[in-house]
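Student: Fold the following for me, if possible:
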Amino acid sequence: MFRCPHGSPEWINPARGLPQVFGLDPWCGIPYSWRFFPMASGMMDRYAVIGNPISHSKSPLIHRKFAAQTGQDLSYDRILGDLEYFADDVRGFFAAGGKGLNVTVPFKEQAWRLADELTPRADSAGAVNTLMLKEEGRIFGDNTDGVGLVRDLQQNHGFVLAGARVLLLGAGGASRGVVRPLLEQQPSCLVIANRTARRAVEMAAELRSFGPVSGCGLDELNGQAFDLIVNGTAAGLSGEVPDIPGRCLGKNAWVYDMMYASEPTAFVKWGREHGALQALDGLGMLVEQAAESFYLWRGVRPDTKTVIEDLRS
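Tutor: This is a model prediction of the structure:
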């Protein structure tokens, strides 16, 4: 973690306001490379989540629960990433002995460009949410968002994706990250719908080699019905719902919002109002993608059910 050894109580990044990593810190006057804490050998392995903003993140709580459950000796903290010097933040963290990072908004695409090696699912997603330092010093990138969604749907809730008609709302990074994992479960079709139809059509064309996917505008959904509707838009942040007809919900259809909140999201409420058999938010996805990251780093797969229950309570 990045902490000023001269006593600052704040977690801080190593390049705030300056173009180079190894300059003098304007707050305490010491080289950036010395500001990473802890530095002593024999300390526990260090992990963190980096984003901006980051204070709301549940990732430290989730990973600490995983560590306690599996007997892993590690620390996990939050890093407020610098919007201009993200790459410096990451390289500095690893140079100081950090083992792995989770990456959240708005840095996932930058992490994809920064990684020296990518898993196939991260490569096709064009975004990375998990970074790991390999022994030879190369940065390894993965995207666990899609597998988190699939596991929450199928293992935690019993939804069968094989043969299902799936509608994915939104053509941004969140949606792109889950297309390939969804198609790998062999749905009968996956339709990406976006307010700007061109973006959905282009995304579908780029990912068509993975399965039956097509793109369209939201205004083209009339007359179509689906077994599962997944909201990958950020409309819920402002309490809004994508403008789709209620008839898109087929018989016994489910809705899933990739966003989560302490109260039901706007999309979850929309699903309930329109008779969805199940209306789920993305908390389970958050925990499942974290578990996949934890497994990549530690080689141990934690039990997610108890963690999800704890977070719900």
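
Student: Surely P264 forms part of a strand?
Tutor: No. Counting by DSSP: H, G, I helix; E, B strand; the rest coil, P264 is not found in a strand; it is coil.

Student: Check the closest residue in space to it that isn't next to it in sequence and give its pLDDT.
Tutor: Spatially, and ignoring its direct neighbours in sequence, P264 is nearest to D281 (7.1 Å; C-beta to C-beta, 6 or more residues apart in numbering). Placement of C-beta: from N, CA and C, glycine included. pLDDT for D281: 97.

Student: contacting residues for D281?
Tutor: If you count contacts by C-beta atoms under 8 Å, 6 or more residues apart in numbering, D281 has them with 256-257, 259-261, 264-265, 268.

Student: Out of the residues you listed, which sit inside strands?
Tutor: Judged by DSSP state E, the contacts of D281 include 256-257 as members of strands.

Student: How much space separates the nearest residue to V300 once chain neighbours are set aside from R64?
Tutor: The spatially closest residue to V300, leaving aside those adjacent along the chain, is T70, at 4.7 Å (C-beta to C-beta, 6+ apart). Remark: distance between T70 and R64 (C-beta to C-beta, to the nearest Å) = 11 Å.

Student: neighbouring contacts of stretch 63-77?
Tutor: Counting by C-beta under 8 Å, 6+ apart, 1, 11, 44-49, 59-60, 99, 290-291, 294, 298, 300, 302-303, 306-307, 310 sit against stretch 63-77.

Student: what two of the contacts of D281 are the furthest from one another?
Tutor: Greatest spatial distance among the contacts of D281 (C-beta to C-beta): Y256 and A261, at 14.2 Å.

Student: Name the residue in the two with the higher neighbour count.
Tutor: More neighbours surround Y256 than the other of Y256 and A261, with 27 against 14 (other C-beta atoms under 10 Å).

Student: Beta-bridge partners for the more buried one, please?
Tutor: Beta-bridge pairing for Y256 (DSSP bridges): V230, L280.

Student: Could you verify my assumption that it touches L283?
Tutor: No. Using C-beta atoms under 8 Å, Y256 is not in contact with L283; the gap is 11.1 Å.

Student: Which stretches in this protein count as strands?
Tutor: So, for the chain - with DSSP E - the strands run 45-51, 74-80, 100-103, 117-118, 130-133, 139-142, 165-169, 189-194, 213-217, 226-231, 249-257, 278-280.

Student: Need those in TSV (columns: distance to S238).
Tutor: Shown next, in TSV, are the strands of the chain (distance: least, C-beta to C-beta, whole Å):
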stretch	distance to S238
strand 45-51	19
strand 74-80	23
strand 100-103	24
strand 117-118	33
strand 130-133	28
strand 139-142	30
strand 165-169	15
strand 189-194	17
strand 213-217	21
strand 226-231	13
strand 249-257	14
strand 278-280	19
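
Student: wait, which of those strands is closest to R272?
Tutor: Using C-beta to C-beta, the strands of the chain put strand 278-280 closest to R272, at 4.9 Å.

Student: what packs against the closest one?
Tutor: Here strand 278-280 touches strand 249-257, helix 266-273, going by 3 or more C-beta pairs under 8 Å, 6 or more residues apart in numbering; DSSP states H and E.

Student: export the last one as CSV, just CAs?
Tutor: Backbone C-alpha positions of helix 266-273 (Å, rounded to 0.1, in the frame of the first residue of the first chain) are rendered in CSV as follows:
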residue,chain,number,x,y,z
ALA,A,266,-33.9,1.1,-10.6
PHE,A,267,-33.5,-1.8,-13.0
VAL,A,268,-34.3,-4.4,-10.4
LYS,A,269,-37.5,-2.4,-9.5
TRP,A,270,-38.4,-2.2,-13.2
GLY,A,271,-38.0,-6.0,-13.5
ARG,A,272,-40.3,-6.6,-10.5
GLU,A,273,-42.9,-4.1,-11.8
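
Student: Can you tell me the closest non-neighbouring residue to W270?
Tutor: The nearest residue in space to W270 (C-beta to C-beta, 6+ apart) is V241, at 4.6 Å.

Student: low pLDDT regions in the chain?
Tutor: Scanning the chain for pLDDT under 70 picks out the ranges 1-42.

Student: tell me the domain ranges of it?
Tutor: Recorded structural domains for the chain (assignment: automatic domain parsing) are 32-143+287-312, 146-281.

Student: Next, the distance between the ends of the shortest one.
Tutor: Here the two ends of domain 146-281 are set 15 Å apart, with distance taken as C-alpha to C-alpha, to the nearest Å.
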